[in-house]
Structure formats: structure tokens, C-alpha cells
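Enquirer: structure, please.
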Amino acid sequence: MKDKLSMTRDTSVRPGLQRAVLTAALVLVMALVFMADTVTDYAIAFPVFYCAVILAAMRLHGSRVVLALSWVCVALTILSFLLTRGGAYEIGLINSILSIVAIGVTTWLALKMAAAQRQARTSKARLERMARSSSMGELTTSIAHEVNQPLAAISTSAHACQRWLAMEPPNLEKARQAAGRIVDDVHRASAVIERVRALTRGEAPAREPFDLNHAVIEAAVLMHGEFDRHGVDLVLALAEELPAALADRIQIQQVLSNLLLNAAEALDQAGVPEGAATLSTRLEPDGKLAVAVADNGPGLAPEELERIFDAFWSTKENGLGLGLAISRSIVEANGGRIGVQARPGGGLICQFTLAAAPQGEN
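Expert: Coordinates of the predicted model:
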């Protein structure tokens, strides 16, 4: 306990002691400059070295101390001029005046610099507070956006459970299945919140090998109700014998849900008579795994395609403009790439790639 107390005292006293030592060194320099200026003749302008003392003092003390120190330097310059006995008097007078001007200008610049530094620190602190507030707002909005899908699935399953229980006689098996889906979606919502928080904190995703086709099918099943509600068909075109993907399964399913929901809402909003989206997987020649969502909607203009991943930009009437921005962050955090292009014949193709797990980890 005694050693700990001693360490605390040392760390608290050391900065003050260091400042005192440096201040004493500045006083010693001022005394040396004064003596050198006094014993030499008028032609040597030693007082300009007071400028260095003022600049050094600015790093140790506040503006008031520096201003007082500059007046002391001016007084020492005048006193040294009066005590000097050798050299041309006129040259000494000019050198003293120039030195005083230099001391004054240096002091003014040092005070201005200190004021600018204080203002910069204040602005930085204000920006950091604003950034924290903005980050909290974006985090809240992101979580609300991502959790909306499992909450919608929970609501659908709950209504289905009520209908099965209201039947005469109640269909307990169907109600039990609906209740099971509710439990699964609750766990999914909790996992989504944790993944979004981890992504916002900059934490690395939990990248593990998983069956990509199986994850795609799970996402398609979860989004089946949304496609029915929008009157859009969903077609699966999955490649066989794919290697395992190496990524965060839950985060990748978030991306799939976002892409599928975007396709369904875009087709519904455009009023496409036979709207359909195709969800496909394949193995790229470079060994990457590709997942694509293609729709037969009206597509987007080239300038809209350039902004499609911008945060808070959306072509949907009530869109937040966060789905694709979050999706890009997730895919890139998992070591993949995502992009959108026009589909031949109309519509869009949104595709992302993932790394395949090493053979030993399949």
C-alpha cells in the first residue's frame, strides 16, 4: 500500500516539478541574455533572444504569464541599453528599438497562436460531442432498420398462432410451430442488435465456415411473407456443391434480407404486373462465392446507381437510405465486395462476394 501511495505522489508531482525546472531555466536564459547585452557594445543586438524565451514560455504558461514576461524582457532591454558603455550610441538605440518591436510582435503572435489553439481545442471538443450524438443517432436508426424485419416476422407468426388457437377445435400443432418461429425470430432480433452494435464499434465479425446455400434458403423463408404481401415471386437458383463460406452467418443473412426486401418493395412500388426476384449463388472462377439478387423492375438511372450505397439516400418513398449502406459495411467487414448493376432487359442485379473457407475448415 505504501509503494502504491508513493507511485501516486510521484506521478502527480512530476509534471509540476518539470514545469518549475523549465521555468527556472528560462529565467536563467533571460539573465544570461541581459548580462551579455550589457557587457557587449551597442552594435550587438542580444535582446532578440528574448523572443525565443517568450515562445518557450508559451508552451509552459498561460497568456497572462507570457504577457508579463514580455514586459520584463522589454524592461531588461531598456535597462541593458542604459547600462551599456561601449559602441556607437545611435546604433545601440536603433538595435534596442528593433529588439523591443521584435519582442512585442513575438508576444502578439504567441498570444494569437494560443488563442487559436484554445479555439481549436474547443471546436474539436464540440465536434467530438456532435460526432458522438450523430453516431448514437445512426446506431439507433440502424438497429431500428435491421430489427424491423424480425419484428415483422414475429408479428406475422403471432397472428398465425392466434388464428390456429381460435379454431374449433384449436390446431395446437400449427400453433406450436408458429410459437417456435416467434422464439427463433426473437433470438434473431437479439443477434441482429448485437451484430449492428459490434459493427458500429468497429469490432471484427465472427467469421466462421457455414453452408451458404442453407443460409440463403433460411433468409428466403424468413422473407417469404414480405414477398407475398407485395405480390412478388421469389425464385431460387442455387449452385450445387458449393464450398463453405467464411463469414459471419447472421450478418450475411442481414444483407440477404435487405437485398430481398429492397427488390420486393421496388417491384411493388413500380407496379410491375409479374414482379419477380431471383436469388442465386455460384462459384466464381477466382474461388470466391457470389450471391446475387436480380429483379425485373424498371431499374435505376446511371446517376442513381452511383449513389445507391450512400447513407440516407433512397429511391423509396419512405426509405431511410440505410439498408444498402449497412449492407456494404457488413460485406466489406467480412472481406467481400458488393455492387449493383443494370440487368439486361430491365431491372437490377445486386451481387456480393465472399471468401470460401479453406478445405480443412469445411
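Enquirer: quick check: the gap between the closest residue to residue 233 other than its chain neighbours and residue 346.
Expert: Once flanking residues are discounted, residue 233 sits nearest to residue 276: 4.2 Å by Cβ to Cβ, 6 or more residues apart in numbering. No exception for glycine: its C-beta is placed from N, CA and C like everyone else's. Using Cβ to Cβ, to the nearest Å, one obtains 12 Å as the distance from residue 276 to residue 346.
Enquirer: what does residue 262 give?
Expert: Distance check for residue 262 against residue 346: by Cβ to Cβ, it reads 16 Å.
Enquirer: who's more crowded, those two?
Expert: When residue 262 and residue 346 are compared for neighbours, residue 262 comes out ahead with 24 against 12, by other Cβ atoms under 10 Å.
Enquirer: hmm, the more buried one is touching residue 326, no?
Expert: No: if you go by Cβ atoms under 8 Å, residue 262 and residue 326 don't touch, sitting 11.7 Å apart.
Enquirer: where does the stretch 51-200 of the chain dip in pLDDT?
Expert: Segments of the stretch 51-200 of the chain classed as low confidence (criterion: pLDDT under 70) are 123-149, 188, 191-200.
Enquirer: helices along that one, start to end?
Expert: 63-83, 89-166, 172-200 (DSSP state H, counting those that start in this stretch).
Enquirer: tell me which of the ones you listed approaches residue 354 most closely.
Expert: Evaluated over these, closeness to residue 354 peaks at helix 172-200, with 15.8 Å, by Cβ to Cβ.
Enquirer: packing partners of whatever helix or strand comes next after the closest one?
Expert: Using DSSP states H and E, the helix or strand that follows helix 172-200 towards the C-terminus is strand 208-210. For strand 208-210, the elements it packs on are strand 245-247, judged by 3 or more Cβ pairs under 8 Å, 6 or more residues apart in numbering; DSSP states H and E.
Enquirer: average pLDDT across the strand it packs on?
Expert: The average pLDDT within strand 245-247 is 91.
Enquirer: could you pull up the residues touching residue 48?
Expert: The neighbours of residue 48, taking Cβ atoms under 8 Å, 6 or more residues apart in numbering as the test, are 98-99, 102.
Enquirer: now the buried members of these.
Expert: Buried residues within the contacts of residue 48, defined by neighbour count using 16 or more other Cβ atoms under 10 Å: 99, 102.
Enquirer: in TSV: the helices of the stretch 51-200 of the chain, plus distance to residue 39.
Expert: Supplementary listing: the helices of the stretch 51-200 of the chain in TSV, determined by distance: least, Cβ to Cβ, whole Å:
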stretch	distance to residue 39
helix 63-83	9
helix 89-166	13
helix 172-200	67
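Enquirer: those helices: which one's closest to residue 295?
Expert: With Cβ to Cβ, the closest approach to residue 295 among the helices of the stretch 51-200 of the chain belongs to helix 89-166: 18.0 Å.
Enquirer: can you count the residues close to residue 114?
Expert: With other Cβ under 10 Å as criterion, residue 114 counts 16.
Enquirer: also residue 251?
Expert: Applying the criterion other Cβ under 10 Å, we find 26 residues in the vicinity of residue 251.
Enquirer: over to the one 3 residues further on?
Expert: A total of 25 residues lie near residue 254 under the criterion other Cβ under 10 Å.
Enquirer: so for it, what's the pLDDT?
Expert: As predicted, residue 254 sits at a pLDDT of 80.
Enquirer: could you say what helices and strands the strand or helix carrying it packs with?
Expert: Secondary-structure assignment from DSSP H and E places residue 254 in helix 249-270. Contact here means 3+ Cβ pairs under 8 Å, 6+ apart; on that basis helix 249-270 packs against helix 89-166, helix 172-200, helix 212-222, helix 224-230, strand 276-283, strand 289-295, helix 323-333, strand 348-354.
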